[in-house]
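>>> Just the structure for this:
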Amino acid sequence: MFKGLGAMGDMAKMMKAAQEMQQKMAALQEEMHSLMVEGQSGAGLVKATCTAKGELKGLDIDPSIFNSDDKEVVEDLILAAIKDAQAKASARAQEEMSKLTEGMGLPKDMKLPF
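As a prediction, this is how the structure comes out:
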């Protein structure tokens, strides 16, 4: 009798799907704070650990590089390790987001704000 009711049912399904996506996004955002990645430089002499959100959590520096004459080299290695970790964090976050969007039937390469 009411043909518009079918469209309302579809709208309810869309709203439910949107709520599910929102919940999954919130869970993924939380997970990004605990997923750790490691970047390194100087063939592993300097290692930086950060969350998949890019927050620096730790540095591991081989003591063999501590020579006062090499201060600038050490600083460059530390920066390179941090940048490597942040790049890996960004890639990991995008990888996790792709899994989420693909699992929901969205295009794999869809970019969502993160």
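
>>> How far away from the center of its chain is the longest helix along the chain?
Counting residues, the longest helix found in the chain (DSSP state H) is helix 71-103. Relative to its parent chain, helix 71-103 has a centroid offset of 8 Å by CA atoms, centre = their mean, to the nearest Å.

>>> same for it, what does it pack against?
Contacts defined by 3 or more CB pairs under 8 Å, 6 or more residues apart in numbering; DSSP states H and E place helix 71-103 against helix 4-32, strand 36-41, strand 46-51, strand 56-61. (C-beta placed from N, C-alpha, C; glycine too.)

>>> ok, and which of those has the densest surroundings?
strand 46-51 (a mean of 22; mean count of other CB atoms under 10 Å).

>>> Outside of that strand itself, which residues are in contact with it?
32-40, 56-62, 65, 74, 77-78, 80-82, 84-86, 89 (CB atoms under 8 Å, 6 or more residues apart in numbering).

>>> how far is it from where the chain is centred?
14 Å.

>>> for the record, mean pLDDT for that strand?
Mean pLDDT, strand 46-51: 93.

>>> okay, now residue 89: neighbour count?
When neighbours are defined as other CB atoms under 10 Å, residue 89 has 25 of them.

>>> I'd say it and residue 57 touch.
No - with contact defined as CB atoms under 8 Å, residue 89 does not reach residue 57; the gap is 10.3 Å.

>>> who are the neighbours in contact with the residue nearest the centre of the chain?
Centrality entry for the chain: nearest residue to the mean C-alpha point is residue 93, 2.2 Å, by CA atoms, centre = their mean. Each residue near residue 93 by CB under 8 Å, 6+ apart is listed here: 32, 52-54, 114.

>>> From those, list the buried ones, please.
32, 52-54 (16 or more other CB atoms under 10 Å).

>>> a markdown table for the residues you listed, including distance to residue 104?
Below are the buried ones among the contacts of residue 93 laid out as a markdown table (distance: CB to CB, whole Å):
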| residue | distance to residue 104 |
| --- | --- |
| 32 | 18 |
| 52 | 19 |
| 53 | 21 |
| 54 | 24 |
